[in-house]
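Visitor: Quick one, fold the following:
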Amino acid sequence: MITVVGTGTGAPVPPGALAGAALVVGGRRHLDAVRLPAGAERIVLGPLAPALDAIARYAEKDLPVCVLASGDPGFFGIVRALAERFGAGRLDVRPGVSSVAAAFARAGLPWDDAVVVSAHGRELRTAVNACRAHPKVAVLTGPGAGPAELGAALPDGRVLVVASSLGDPERERVERVTPAEAARRDWGAAVSVVLCLDEGRAPAPARTVAGVRAGPDRWALDEAAFAHRDSMITKFEVRALALARLGPRLGDLVWDVGAGSGSVAVECARLGAAVVAVEKTPDGAGRIRANARAHGVDVDVVHGTAPAALSGLDDPDAVFIGGGGRELPAVVTACARRARRTVVVAVAALDRVPVVREALTAAGFGCDGVLLQSSRLAPLPGDVTRLAATNPVFLLWGARTPSSSEGVVQ
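Guide: Numbering: from 1, shown residues only. As a prediction, the model looks like this:
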């Protein structure tokens, strides 16, 4: 039997957990805090593969093994690797309090509405995008992905709660800082978890399902759901297909370039993505902010003209381009060079289709498209109905092929 014991966030090792163990595996601080059984071998966890191989040698002889881990080892912990290697039936898991639960407890906050992201040994960008999009996020940190790096990537308006050495009565610290303050400090290796809070957003109501909030019950909303000027808005039929091709999701960053009313930006944010909307007109930028507030989402609005306004932005996963004009080929090229997954372009003029296709294919994208023409039911006097045609729109999209991903500008 392999006994897995969670410790390190205030809970002591349960009595008898180590009794009779022939092998004890754990981090150095966990091993130093316990008395090993007489004759037991001790292995300090470093790279996981050698430790698993050592456990396998003992397990093959039916010798008892004890693994010490931090907090709840079934929550982003070693239980996953052990179960995959040895089978869940051979594990006796005795969880402690997870660092996430402890950090929210220290902050006096519920966390059934929190998103939890691990940046330990993973790209930081997923955690950053989750923090941009959601009002309550816990980030499990690691080397190169700590409070300083997280703070440097986040905008003002967030609060970071940095929890260090949780469970250690002498060294535990819980500090509230701004992203800028976090970015200026050397936090060392004792950080357990970072909570990212957007306290300006209304608290979530009581939950039935924990974690990521349920997706919206509708998308491709009617134009009346957004403030817009003179019908200058991506129509819901076009928006429906654009959203399907963009595929916005938790951890993604989406650009809406030439955003206008921001209808695409807001819908992507409602589906869980972090969003940057680029708009050249001051009144348009204000309208996007108002629409984002009205729908309870966060959209980072950049007032500027593409492609120049794109230079300081983080690389996106997906891009929607809704503006036209002479700069359209340069805008599509700039977006295609940096998009990780897809670029979707809406144009009304037929003569712009070839230049968009050329820009996408030159950047290594496969390219497809469709002409969308729809007629909506409209009432007439006499209690009869006619079909009212909307303006036709070309929707083109490019998906990055595996070989072209090597050319993404970092």
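
Visitor: roughly how far apart are Gly146 and Leu166?
Guide: Using CB to CB, to the nearest Å, Gly146 is found at 15 Å from Leu166. To be clear about C-beta, it is placed using only N, CA and C from the backbone, and glycine gets the same treatment.

Visitor: which of the two has more neighbours?
Guide: Leu166 (27 against 23; other CB atoms under 10 Å).

Visitor: which residues touch that one?
Guide: By CB atoms under 8 Å, 6 or more residues apart in numbering, the residues touching Leu166 are 8-10, 71, 99, 102-103, 106, 172, 192-193.

Visitor: Which ones among those lie within helices?
Guide: 99, 102-103, 106 (DSSP state H).

Visitor: any idea how far stretch 215-230 is from the chain center?
Guide: Relative to its parent chain, stretch 215-230 has a centroid offset of 24 Å by CA atoms, centre = their mean, to the nearest Å.

Visitor: Going forward, the N-terminal residue is numbered 100.
Guide: All set: I'll call the first residue 100, so the last point we hit is now stretch 314-329.

Visitor: how about it: buried residues?
Guide: Neighbour-count burial for stretch 314-329, counted by 16 or more other CB atoms under 10 Å, picks out 318-320, 324-325, 327.

Visitor: what sits up against that stretch?
Guide: Outside stretch 314-329, the residues that touch it by CB under 8 Å, 6+ apart are 330, 332, 334-336, 338-339, 342, 359-362, 365-366, 369-371, 382-383, 386, 389-390, 393-394.

Visitor: got a list of what Leu479 touches?
Guide: Contacts of Leu479 by CB under 8 Å, 6+ apart are Arg485.

Visitor: do Leu253 as well
Guide: Neighbour list for Leu253: 227, 230-231, 259, 278, 295 [criterion: CB under 8 Å, 6+ apart].

Visitor: on that earlier part again, restricted to buried residues, select the ones in helices among the contacts of Leu265 in PyMOL.
Guide: Command for PyMOL that selects the buried part of the ones in helices among the contacts of Leu265, burial taken from 16+ other CB under 10 Å:
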select buried, resi 198+201+202
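
Visitor: How is Ala247 assigned, secondary-structure-wise?
Guide: helix (DSSP: H, G, I helix; E, B strand; the rest coil).

Visitor: number of nearby residues for the residue nearest to it when sequence neighbours are not counted?
Guide: The shortest distance from Ala247 to any residue other than its chain neighbours is 5.4 Å, reached at Ala282 (CB to CB, 6 or more residues apart in numbering). The tally of other residues near Ala282 (other CB under 10 Å) stands at 17.

Visitor: Looks like Ala282 contacts Pro254 (just checking).
Guide: No. Applying CB atoms under 8 Å, one finds Ala282 not in contact with Pro254, separated by 11.8 Å.

Visitor: filter the contacts of Leu253 to the buried ones?
Guide: 227, 230-231, 259, 278, 295.

Visitor: Next step: those restricted to strands.
Guide: Judged by DSSP state E, those include 259, 295 as members of strands.

Visitor: just the buried ones among the contacts of Leu253 now: which is nearest Glu159?
Guide: Nearest to Glu159 among the buried ones among the contacts of Leu253 is Val227, at 43.3 Å by CB to CB.

Visitor: confidence score at that closest one?
Guide: pLDDT for Val227: 94.

Visitor: where are the low-confidence patches of the protein?
Guide: Within the chain, the segments meeting pLDDT under 70 span 109-110, 313, 501-509.

Visitor: In contact with the most centrally placed residue in it, which residues are there?
Guide: What sits nearest the mean C-alpha location of the chain, by CA atoms, centre = their mean, is Gly350, with 2.1 Å. Contact analysis of Gly350 by CB under 8 Å, 6+ apart lists 216, 224-226, 228-229, 372.
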